[in-house]
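Chemist: Output the structure for:
(one chain, ligands or ions: 1)
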Amino acid sequence: MLTSGGDAPGMNAVVRAVVRTAIGAGAAVYTVQEGLQGLVDGGDRIRRVEWGSVSSIQHRGGTVIGTARSAAFRTREGRLTAAANLVGHGIDRLVVVGGDGSLTGTDVFRSEWPGLLAELAETGRIDSGAPERHRHLVIAGVVGSIDNDMVGTDMTVGADTALHRIIEAIDALSSTAASHQRSFVVEVMGRHCGYLALMSAIAGGADYVLIPENPPAEGWEDEMCERVRAGRAAGRRDTIVIVAEGATDRDGNPLTSQGVRDVLADRLGEDVRVTILGHVQRGGAPSAYDRWMSTLVGHAAALEVVNAGPEHEPQLIGVEHNRVHRTPLMEAVAKTREVPRLIEAGDYAAAMAARGPSFTQMVEVFEGIARADQEAPSGGARIAVVHGGGLAPGMNTAVRAAVRVGHSLGHTMLGVTGSFQGLIDGQVEELAWGDVDGWVGMGGAELGTRRKTLRVEQYYALSRAVENHGIDGVLVVGGHRAYESLLAMHAERDRYPALGIPALGLPVTIDNNLPGWETSIGADTALNEIVTAVDRLKQSAMASQRAFVVEVMGRYCGYLALMGGLATGAERVYLNEDGVRLAELSQDVAHMRASFKAGRRLHLAIRNEHASEGYTTDVLCRLFAEESGGAYDVRPMVLGHLQQGGNPSPFDRVHATRLAAYGVRWLSDQIAAGRQDWSFIAARDGELTSEPIRLMADLTDMTFQRPREQWWLGLKPIMAALATEPEV
Ligand code: ADP
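Modeler: All right, here's what the predicted structure looks like:
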């Protein structure tokens with residue numbers, strides 16, 4: 001296994017998953033230091049590794065096995081030596097994490113392999129039987145690249161972390177910019193790919209964005225300045241323009257951050273600063289997503305090469321809609337390399353199309369929210385936004401996007417404070433474009449939320465309130481209780497004519513326990529909070545032999561516990577879905593004692609808050625301590641409300657914005673068509689759609705308030721495979 005090309009955060013999680021999965025499958029596993037160059041160098045650059053060699057690396061940025069660019073590997077002579085080095089160790093299966101360059105190089109190597117081995121045998125550099133023993137080189141590729149520029153996977157390893165770094169910077173810049181009413185031009189990485197620029201513009205609440213695939217039309221300078229002026233007039237205090245490093249105009253002339261700065265400074269006559277983020281974007285601890293997603297693909301890539309037969313076609317192992325997705329490697333590379341050519345040739349429509357439909361959609365969504373000066377059609381409706389259920393990061397982001405998209409469609413947008421009870425109490429206010437400025441990255445819920453659902457006796461008052469405020473449609477942004485309220489009211493609504501308006505549920509809850517949508521908004525932020533807290537915890541324990549039982553939220557849904565376990569490299573997770581049994585706890589204790597005695601320093605268990613009624617976190621800790629035999633001590637760690645707080649992660653901001661834009665358009669269409677559906681947002685093959693609210697009763701286990709089908713439970717075997725060293 002090797003990492004090559006530009007480093008990317010998350011590569012270590014791939015290394016860990018590949019090494020452990022392959023060992024678990026009975027393979028002898030080697031890592032190659034310094035990428036493809038290490039293959040050429042051989043010697044101690046190619047190292048046999050054990051289960052423990054990859055302990056505690058998942059949280060580290062970069063790649064612990066090193067990476068390099070290699071001129072030697074570009075030559076046949078270099079690859080000949082590389083082949084000799086591999087055969088010397090009996091290696092004929094390779095997992096490579098890198099960019100399109102590394103993957104191409106590896107595939108060239110694979111196609112030459114039989115010829116290289118024949119030559120090596122002829123010249124006596126390897127024994128004559130080796131070409132027969134190693135007839136094929138089997139390879140699998142994983143894309144490590146912060147740019148998210150590869151066709152064939154939704155996300156590349158490192159892109160989500162890079163977005164985290166960019167958003168941290170933009171949040172910091174926005175606060176200082178707002179204090180001085182200043183403008184910043186921020187340059188982000190992406191020579192041919194506008195992913196980071198576009199998503200950071202959405203998640204960072206920028207005014208304008210320039211990306212390589214979609215150069216601005218002639219006269220963009222006027223448009224940009226007009227937009228900035230209109231935003232200021234509507235109450236914005238800061239201006240942020242994002243420029244991808246490879247941005248050009250429609251004639252292919254580079255648009256530099258300095259050039260954009262000059263335009264703004266000249267025309268607006270104000271202080272404009274440039275920030276070029278540079279290598280900061282590559283650095284730092286990987287995000288929660290880059291840990292669990294990289295673990296999934298690493299696991300799959302190892303199985304791919306271990307199980308491959310002689311006719312194996314090289315595969316790219318990526319993800320599609322949160323599932324591992326395989327694509328023929330060179331087909332993906334060829335399609336990826338086509339995009340810069342399309343941009344070069346000025347075929348921007350094709351370049352955008354190559355990025356996939358949701359990329360184009362996000363460009364439209366951004367345009368819908370960034371412009372305060374849109375000519376909205378008149379005669380709009382009155383659409384209310386209300387929260388329900390527990391607090392979750394992303395609620396403000398969703399309201400902001402809903403309000404702005406609503407305005408762009410000509411609607412009057414109403415914010416309801418204090419959930420449904422607030423509506424009854426008349427806490428309803430018009431929200432203007434500028435009222436939600438700065439909400440994109442704010443944790444908490446400015447409108448407030450409540451877990452309590454309304455009683456049937458209150459429905460009449462609710463319907464009167466809807467009538468009094470002339471509400472034509474409602475966007476309900478929240479968690480299980482919000483959906484439950486919709487379901488209960490829907491059953492009664494024929495008795496209240498005023499409730500004959502469309503309503504749509506938008507999933508925002510850290511628990512990820514709603515039907516229709518696989519990763520509710522807020523869950524990614526909570527996972528990142530968990531990962532950050534556990535990173536600290538692990539460091540604190542390094543001096544002793546200690547077991548931690550970390551209790552995470554999620555109500556009866558184990559999503560945060562399992563994904564937290566995958567992302568932090570926990571040894572054990574306890575879920576309500578599985579229950580907790582004494583026999584298993586006995587096994588856990590035996591395992592803990594043995595492994596601590598063998599030198600382990602840390603045992604990490606993650607327990608869902610409702611994993612078991614009797615075996616509470618406290619009981620588990622006492623049990624583990626009582627049975628430790630002095631081999632280790634035990635500490636509980638209840639993360640608590642930390643998980644609900646915090647500013648929304650980039651992923652949660654982007655998706656909150658996307659879903660809110662969809663939601664308001666959906667309501668708008670319903671109102672225009674005279675329909676009164678009550679639904680919730682869902683996905684079908686990755687496309688946004690809606691499902692009728694009455695389906696919730698079929699799709700949900702109402703006792704445990706979680707979906708009957710939970711996709712992520714399918715990841716449990718990966719958790720188990722990576723946590724415990726198989727007995728040899
Ligand atoms: P990335 O993998 O991030 O795209 P590069 O394009 O620099 O990074 O490629 C990394 C390394 O892969 C190169 O230094 C080189 O050793 C090898 N490589 C790239 N393209 C080829 C090729 N066509 N043939 C052989 N080796 C290649």
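
Chemist: C-alpha from now on. contacts and neighbour counts both.
Modeler: Noted.

Chemist: measure residue 41 to residue 62 for me?
Modeler: 21 Å (C-alpha to C-alpha, to the nearest Å).

Chemist: Looking at those two, which is more packed in?
Modeler: residue 62 (22 against 18; other C-alpha atoms under 10 Å).

Chemist: remind me which residues of the stretch 601-728 of the chain are low pLDDT?
Modeler: 728 (pLDDT under 70).

Chemist: at 90 what do you get?
Modeler: Residues of the stretch 601-728 of the chain that meet the criterion pLDDT under 90 lie in 645, 684-686, 724-728.

Chemist: and if you look at the stretch 351-500 of the chain?
Modeler: 356-358, 373-379.

Chemist: of all of it, which residue lies closest to the ligand?
Modeler: residue 355 (17.9 Å; C-alpha to the nearest ligand atom).

Chemist: need the residues of this protein near the ligand, please.
Modeler: 4-6, 36, 69-71, 73-74, 98-102, 104-105, 108 (C-alpha under 6 Å from any ligand atom).

Chemist: From these, keep the buried residues only.
Modeler: For the residues of the chain next to the ligand, a burial check counting by 16 or more other C-alpha atoms under 10 Å picks out 4, 5, 6, 36, 69, 70, 73, 98, 99, 100, 102, 104.

Chemist: can you pull the contacts of the last one?
Modeler: Contact analysis of residue 104 by C-alpha atoms under 8 Å, 6 or more residues apart in numbering lists 330, 333.

Chemist: Regarding it, what is its secondary structure?
Modeler: helix (DSSP: H, G, I helix; E, B strand; the rest coil).

Chemist: pLDDT score for it?
Modeler: We note a pLDDT of 96 for residue 104 in this prediction.

Chemist: now the fifth one
Modeler: Turning to residue 69, the model gives it a pLDDT of 95.

Chemist: hmm, back to that, look up phi and psi at the residue of the stretch 351-500 of the chain closest to the ligand.
Modeler: When read as degrees, to the nearest 10, the backbone of residue 355 gives phi -80, psi -10.

Chemist: neighbours around it, how many?
Modeler: Based on other C-alpha under 10 Å, the number of other residues close to residue 355 is 21.

Chemist: which ones are touching it?
Modeler: By C-alpha under 8 Å, 6+ apart, the neighbours of residue 355 are residue 151.

Chemist: what do you get if the cut-off is 7 Å, keeping everything else the same?
Modeler: With contact set as C-alpha atoms under 7 Å, 6 or more residues apart in numbering, residue 355 has no partners.

Chemist: Then the one 5 residues further on?
Modeler: Contacts for residue 360 (C-alpha under 7 Å, 6+ apart) come out as residue 352.

Chemist: what about it, which SS state?
Modeler: helix.

Chemist: what about it, distance to residue 213?
Modeler: 10 Å.

Chemist: do residue 584 as well
Modeler: 54 Å.

Chemist: Between these two, tell me which one has more neighbours.
Modeler: Shown here are residue 584 and residue 213; by other C-alpha under 10 Å, residue 213 has more neighbours (29 against 10).

Chemist: Now stretch 304-319: average pLDDT?
Modeler: In the prediction, stretch 304-319 has an average pLDDT of 95.

Chemist: Look at the closest residue to residue 578 other than its chain neighbours and say how many residues are nearby.
Modeler: Sequence neighbours aside, residue 611 is the residue nearest to residue 578 in space, at 7.9 Å (criterion: C-alpha to C-alpha, 6 or more residues apart in numbering). Other residues lying near residue 611 total 27 when counted by other C-alpha under 10 Å.

Chemist: Also residue 53?
Modeler: Residue 53: 12 neighbours (other C-alpha under 10 Å).

Chemist: repeat for residue 216
Modeler: Around residue 216 there are 18 residues (other C-alpha under 10 Å).

Chemist: Contacts only, for it.
Modeler: So residue 216 contacts 249, 250 (C-alpha under 7 Å, 6+ apart).

Chemist: Starting from the ligand, give me the distance back to it.
Modeler: 28 Å (C-alpha to the nearest ligand atom, to the nearest Å).

Chemist: if I've got this straight, that residue is in a strand?
Modeler: No. Residue 216: not assigned to a strand; according to three-state DSSP it is coil.

Chemist: on that earlier part again, so which of the residues of the chain next to the ligand sit within strands?
Modeler: residue 98 (DSSP state E).

Chemist: Could you list the domains of the protein?
Modeler: Domain segmentation of the chain under automatic domain parsing yields 2-156+286-320, 159-282, 373-520+648-712, 523-646.

Chemist: Which among these is found nearest to residue 340?
Modeler: domain 159-282 (5.8 Å; C-alpha to C-alpha).

Chemist: Endpoint to endpoint, that closest one covers what distance?
Modeler: By C-alpha to C-alpha, one end of domain 159-282 lies 9 Å from the other end.

Chemist: which residues of the stretch 351-500 of the chain fall in strands?
Modeler: 382-388, 412-416, 428-430, 473-478 (DSSP state E, counting those that start in this stretch).

Chemist: who's in contact with the nearest residue to residue 502 once chain neighbours are set aside?
Modeler: Spatial nearest neighbour of residue 502, excluding adjacent residues (C-alpha to C-alpha, 6+ apart): residue 676 at 4.0 Å. By C-alpha under 7 Å, 6+ apart, the contact list for residue 676 reads 500, 501, 502, 670.

Chemist: quick check, nearest of those residues to residue 691?
Modeler: residue 502 (12.8 Å).

Chemist: Could you report the separation of that closest one from residue 486?
Modeler: For residue 502, the distance to residue 486 - C-alpha to C-alpha - is 11 Å.

Chemist: Next, residue 317: phi, psi?
Modeler: Torsion angles, degrees, to the nearest 10, at residue 317: phi -100, psi 110.

Chemist: Quick check: closest non-adjacent residue to it.
Modeler: Nearest to residue 317 is residue 326, by C-alpha to C-alpha, 6+ apart, at 4.9 Å.
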